[in-house]
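Chemist: Whatever this is, show me its structure:
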Amino acid sequence: MRPRWVGKVEPSMCLGEVVRLDAVSGASARARLGDQVVAVSLVTLDEHVAPGDWILVHSGFALHRLEPDEAVEALALRSWRHGPSVQGSISDASSPSSHPQEES
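Modeler: Model (predicted):
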């Protein structure tokens, strides 16, 4: 028996997104996801984060802080799967961050 999606749309799994923090204010942050700015809740994160840090986000909640090399690897895998649309993010991940100021 073949899967129902054969010949239609390939199924996809809902995965977290790798984002770079632009600003941190208490338990919330602002991040870049491609060319979009998104709000991120930090209440589920046990680690300290600062602007410029890379984190894994799912449904608006931060799951894990990533080292820059982990972010590069994750973005490269996403680029391999989804095409060159995330290529700019890979360049951002491998370059030194400017570390914007934390908001109070």
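Chemist: neighbours of residue 42, just the number please.
Modeler: 21 (other Cβ atoms under 10 Å). Every C-beta, even on glycine, is put in place using the N, C-alpha and C of the backbone.
Chemist: Against residue 59, how distant is it?
Modeler: 14 Å (Cβ to Cβ, to the nearest Å).
Chemist: quick one: the helices in the chain?
Modeler: 68-82, 87-94 (DSSP state H).
Chemist: between these, which gets the lowest average pLDDT?
Modeler: Least confidently modelled of the helices of the chain is helix 87-94, at a mean of 51 by mean pLDDT.
Chemist: in this structure, which ranges drop under the pLDDT threshold?
Modeler: 1-14, 80-104 (pLDDT under 70).
Chemist: The lengthiest strand in it: partners in the sheet, and parallel or antiparallel?
Modeler: Criterion DSSP state E: the longest strand present in the chain is strand 17-25. Strand pairing for strand 17-25, determined by DSSP bridges: strand 28-33 (antiparallel), strand 54-58 (antiparallel).
Chemist: Show me what residue 64 is bridged to.
Modeler: Note on residue 64: beta-bridge partners residue 56, judged by DSSP bridges.
Chemist: Make sure it is actually in contact with residue 46.
Modeler: No. Shown here, residue 64 and residue 46 do not form a contact pair, counting by Cβ atoms under 8 Å, at 9.4 Å.
Chemist: which one of these two has more residues nearby?
Modeler: Higher neighbour count among residue 64 and residue 46: residue 64, with 16 against 8, using other Cβ under 10 Å.
Chemist: Residue 16: which of the strands paired with strand 17-25 is closest?
Modeler: strand 54-58 (4.1 Å; Cβ to Cβ).
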